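[1] Quick one: sequence plus predicted model below, questions after.
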Amino acid sequence: MLGLNRSTAYYQLTKSKAREKEARDIEIKERIEQIQLNFPYYGYRTITKQLQRQDQNHNHKKILRIMRKHGLKSQIQKLFKSYTNSRHKFPRYPNLIKELTINQPNYVWGADITYIRLTHGFVYLAAIIDFYTKKIRGWELSRHLDASLTITALNRALANNPKPKYHHSDQGVQYCCYDYVEILKENEVQISMSDKGNPYQNNITESFFKTLKYNEVYLNEYESFEEAQSNIERFIEIIYHRKRLHSSLGYLPPEEFEQQFLNQKSQNLETNLINFNKQNISLNSAKSC
């Protein structure tokens, strides 16, 4: 009917399908690039989840194929480096969370320090993170690497959140000093510390610093302390807490994950109360009989 032999018809049909597939791949590639503008170091699984949240239900294998084809695959080296001084004579504490199951918010807080490069010089960031929700409970940026840096971050965390059961850090002088330890003891928080020379025992805090640096600090050149503080605050409160997906949280942002936990807890309490009232009614009815 078309005046073509069978092989030519099949070739044209196959060629047309290939063009359609390439066009769809280009559209997906552009969506991936748009996500990577905000989160340059998202891996293919997290990008797949982000696309699904945008009603783009693609298989993670397809996303990996497209990212590899167009050179979009994220490559992040794992790097742990401590910026606290462990050469001191203050008492040290054992690691209490090695075998601990963390299943609720504000059960374990992790604390650590990192540096932030400015155009001329450095500033230092102390952060306290909730190990369950990955939310930052308190943080402080300072020009000086001293105890006041960590104490300010701790006081902010305690002022704005329920007290944790455990506080975990390395054995740096800023966390072992009398003033810091005294605040924890006054608030009845148990003190836990990583073994000497083992930063992987505080890997959740280290992971946050890596996320901060790859997605914010390394993409900017801060001219001043004030610019660094403003950008870091925006990243933590808006990007990290509300938008950035975490694979360990079921590909949810920390704030959304915590709210889901609280909602579920409230529903469970309500269900238990209803069941308790029903049991009391049944018992009272039985007594009346």
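    The structure has been received and is ready for your questions.
[2] now the helices for this structure?
    With DSSP state H, the ranges of helices along the chain come out as 6-38, 44-53, 60-69, 147-160, 173-176, 178-186, 203-215, 225-234, 241-242, 254-288.
[3] which one of those helices lies closest to Lys89?
    Across the helices of the chain, Lys89 has its closest neighbour in helix 173-176 (9.1 Å, CB to CB). The C-beta positions use only the backbone N, C-alpha and C, and glycine is treated the same way.
[4] The closest one packs against which elements?
    Applying 3 or more CB pairs under 8 Å, 6 or more residues apart in numbering; DSSP states H and E, we find helix 173-176 packed against helix 147-160.
[5] about what we covered before: let's have the helices of the chain in TSV, adding mean pLDDT and mean neighbour count.
    Shown next, in TSV, are the helices of the chain (pLDDT from 0 to 100; neighbours: other CB atoms under 10 Å):
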stretch	mean pLDDT	mean neighbour count
helix 6-38	71	12
helix 44-53	83	19
helix 60-69	80	16
helix 147-160	96	19
helix 173-176	93	24
helix 178-186	97	14
helix 203-215	91	19
helix 225-234	96	15
helix 241-242	96	15
helix 254-288	77	12
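[6] So which of these is nearest Gln104?
    Gln104 lies closest to helix 254-288 among the helices of the chain, at 7.5 Å (CB to CB).
[7] quick one: contacts for His144?
    By CB atoms under 8 Å, 6 or more residues apart in numbering, the contact list for His144 reads Tyr124.
[8] again, but for the one 10 residues further on
    Contact analysis of Leu154 by CB under 8 Å, 6+ apart lists 111, 128, 138, 180, 183-184.
[9] ok, back up a step: closest to Tyr124 out of the helices of the chain?
    Among these, the nearest to Tyr124 by CB to CB is helix 147-160 (5.9 Å).
[10] Can you show me the CA trace of that closest one as CSV?
    The C-alpha coordinates for helix 147-160 follow below in CSV (Å, rounded to 0.1, in the frame of the first residue of the first chain):
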residue,chain,number,x,y,z
ALA,A,147,35.0,26.3,73.5
SER,A,148,32.6,29.3,73.0
LEU,A,149,31.9,28.0,69.5
THR,A,150,30.6,24.6,70.6
ILE,A,151,28.9,25.9,73.7
THR,A,152,26.8,28.4,71.7
ALA,A,153,25.7,25.7,69.3
LEU,A,154,24.8,23.4,72.3
ASN,A,155,22.8,26.1,74.1
ARG,A,156,20.8,26.9,71.0
ALA,A,157,20.0,23.2,70.5
LEU,A,158,18.9,22.8,74.1
ALA,A,159,16.8,26.0,74.0
ASN,A,160,14.8,25.1,70.9
